[in-house]
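Visitor: fold the following, please.
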Amino acid sequence: MQFELKGSDQNSKARAGVITTDHGLIETPIFMPVGTVASVKSVHQRELKEDINADIILGNTYHLYLRPQTPVLKQAGGLHKFMNWNRPILTDSGGYQVYSLSNNRKINEEGVKFKSHIDGSSHFFSPEFSMDIQRSIGADIIMAFDECTPYPCDYSYAKRSMHMTHRWLKRCIDHLAKTPEIYDYKQTLFPIVQGSVYKDLRKESAEVIASAEAEGNAIGGLSVGEPAEDMYEMTDIVCDILPKDKPRYLMGVGTPINILENIALGIDMFDCVMPTRNARNGMLFTAHGTINIKNKKWADDFSPIDEMGITYVDTQYSKAYLRHLFVAKEYLGKQIASIHNLGFYLWLVREARKHILAGDFTTWKNQMVNQMNKRL
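Guide: Residues are numbered from 1 along each chain as shown. Below you'll find the model as predicted:
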């Protein structure tokens, strides 16, 4: 993997770059649609390519390990072939899902024992096993195994967890060195910065992660319930330490406003289930604010979903029609809303890139934040 910076903003830390992988180019800043179980919910791969034009999508190690299971993925030739997706894929390590199973898991130095949310069966993830699973899945970018601490989290726990994550990183690196890629392309490991919302821990973790000299780096343990101001403060601290010539990935973030503010702090890559999850509940993101399409006020509004025409669905369907689909509980409503929201997120990061390269990102960002922070 290679990363080339193409430009930066004069009045913030925002930057525009290009990541090169064996499955194609990724222009940054970028948002990655989440394809948890080899599927971006409600959206066809053709729509991801042709209508949303996603450069890269994300898969989930924990879920893919349980279903369809790694032997099936290996027989298929990896996740790309299994789901008919020939562009880059990133997989998380399973650490976040283990965090979310707080009532059904036990963590120790060796790894994490947990129970499947599907059938209650017991499983064990170690750093080494997480790497083996991600080798079998075959994503272009893979994540080191880490522990994602909850919020709030006391200092002593956050510190112990962070040091364990650092030790697990070394085990991931050592294991990958002994296990070559299964498929005919390269995989790149991103370590993950942890440390909860404690400045000294975030600084220490960023320094350790930077010293690993990986080809890219991730920031985890944020967007887990902490105030947005704490997220921005931790991100700012970490971005000042992580290498400028490597891509920075802020995991699980976030709202459109979160994304713009973190781009301004130097983040290059984002993922979040919010655009599709909110879409399935009738919440649409637009450049002028959010829309609850279920509200009766849209029942006879025949204007386009979004007058800006960000994706093809915005000009083909009206607000009234989309509201009707939700009221009638038609699946098509969720599909149209999901394509719209993902299209908007991709439009937003690509507009950010244009303004970074044009030199007026900060002015544009402030205007967009003000506009999007409204309920329509």
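Visitor: now His63: how far from Gln69?
Guide: In this view, His63 and Gln69 are 11 Å apart by Cβ to Cβ, to the nearest Å. The C-beta positions use only the backbone N, C-alpha and C, and glycine is treated the same way.
Visitor: which of those two has more neighbours?
Guide: Applying other Cβ atoms under 10 Å to His63 and Gln69 shows that His63 carries more neighbours, namely 18 against 12.
Visitor: could I get the buried residue list for the helix or strand hosting the more buried one?
Guide: Assigned by DSSP states H and E, His63 belongs to helix 61-66. With burial defined by 16 or more other Cβ atoms under 10 Å, the residues of helix 61-66 counted as buried are 61-66.
Visitor: phi, psi for the residue nearest the centre of the chain please.
Guide: The centroid of the chain falls nearest to Asp271 when counting by Cα atoms, centre = their mean (1.7 Å). Backbone torsions for Asp271, taken as degrees, to the nearest 10, come to phi -150, psi 150.
Visitor: about what we covered before: of all the buried residues of helix 61-66, which comes closest to Phe82?
Guide: For those, the minimum distance to Phe82 (Cβ to Cβ) is 9.2 Å, reached by Leu64.
Visitor: low-confidence ranges in the stretch 51-200 of the chain?
Guide: Residue ranges of the stretch 51-200 of the chain with pLDDT under 70: 98-99, 101-102.
Visitor: run the last query once more with 90
Guide: Along the stretch 51-200 of the chain, the parts satisfying pLDDT under 90 run over 94-106, 114-117, 150.
Visitor: show me the strands in it, by range?
Guide: 57-59, 89-91, 105-108, 111-115, 122-125, 141-143, 188-190, 192-193 (DSSP state E, counting those that start in this stretch).
Visitor: run the chain-centre distance for the second one.
Guide: Centre-to-centre, strand 89-91 and its host chain are 9 Å apart (Cα atoms, centre = their mean, to the nearest Å).
Visitor: and the contacts of it?
Guide: By Cβ atoms under 8 Å, 6 or more residues apart in numbering, the surrounding residues in contact with strand 89-91 are 23, 32, 35, 56-61, 64, 79-80, 134, 137-143, 249, 269, 271.
Visitor: quick one, domains of the protein?
Guide: According to automatic domain parsing, the chain comprises the domains 29-272, 273-376.
Visitor: just to revisit the earlier point, TSV for the buried residues of helix 61-66, including distance to Ala337?
Guide: Formatted as TSV, the buried residues of helix 61-66 follow (distance: Cβ to Cβ, whole Å):
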residue	distance to Ala337
Thr61	28
Tyr62	26
His63	23
Leu64	25
Tyr65	30
Leu66	28
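Visitor: state the pair within these that is farthest apart.
Guide: Going by Cβ to Cβ, the pair spanning the buried residues of helix 61-66 furthest: Thr61 and Leu66, at 9.8 Å.
Visitor: ok, back up a step: closest one of the buried residues of helix 61-66 to Thr149?
Guide: Tyr62 (17.3 Å).
Visitor: the closest one contacts Gly94, correct?
Guide: Yes - using Cβ atoms under 8 Å, Tyr62 makes contact with Gly94 at a distance of 4.0 Å.
Visitor: who touches both of those two?
Guide: Counting by Cβ under 8 Å, 6+ apart, the residues touching both Tyr62 and Gly94 are Phe125.
Visitor: ok, longest helix in the protein?
Guide: Counting by DSSP state H, the longest helix found in the chain is helix 331-358.
Visitor: next, the buried residues of that helix.
Guide: Quick answer for helix 331-358 (16+ other Cβ under 10 Å): 333-353, 355-356.
Visitor: got it, and stretch 298-310?
Guide: The neighbour-count check on stretch 298-310 (16+ other Cβ under 10 Å) flags 298, 301, 305-306, 310 as buried.
Visitor: filter those down to the ones in helices?
Guide: The members of the buried residues of stretch 298-310 all map outside helices under DSSP H.
Visitor: take those and write them to TSV, including pLDDT.
Guide: Below are the buried residues of stretch 298-310 laid out as TSV (pLDDT from 0 to 100):
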residue	pLDDT
Trp298	98
Asp301	98
Ile305	94
Asp306	92
Ile310	88
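Visitor: now, among those residues, which is nearest to Glu47?
Guide: Glu47 lies nearest to Ile310 out of those, by Cβ to Cβ, at 13.6 Å.
Visitor: quick one, phi psi at that closest one?
Guide: Main-chain torsions, Ile310, degrees, to the nearest 10: phi -70, psi -40.
Visitor: return the residues in contact with the nearest residue to it once chain neighbours are set aside.
Guide: Among residues not flanking Ile310 along the chain, Trp347 sits closest, at 4.5 Å (Cβ to Cβ, 6 or more residues apart in numbering). By Cβ under 8 Å, 6+ apart, Trp347 lies in contact with 308, 310-311.
Visitor: and Leu5, what helix or strand is that in?
Guide: Using DSSP H and E, Leu5 falls within strand 2-8.
Visitor: could you check the angle strand 2-8 makes with the longest helix of the chain?
Guide: Orientation check (axes from the mean of the first three to the mean of the last three Cα atoms, to 10 degrees): helix 331-358 against strand 2-8 gives 70 degrees.
Visitor: next SSE after helix 331-358?
Guide: helix 361-372.
Visitor: show me where the stretch 201-350 of the chain has strands.
Guide: With strands called from DSSP E, counting those that start in this stretch, the stretch 201-350 of the chain shows them at 217-219, 248-250, 269-271, 283-286, 289-292.
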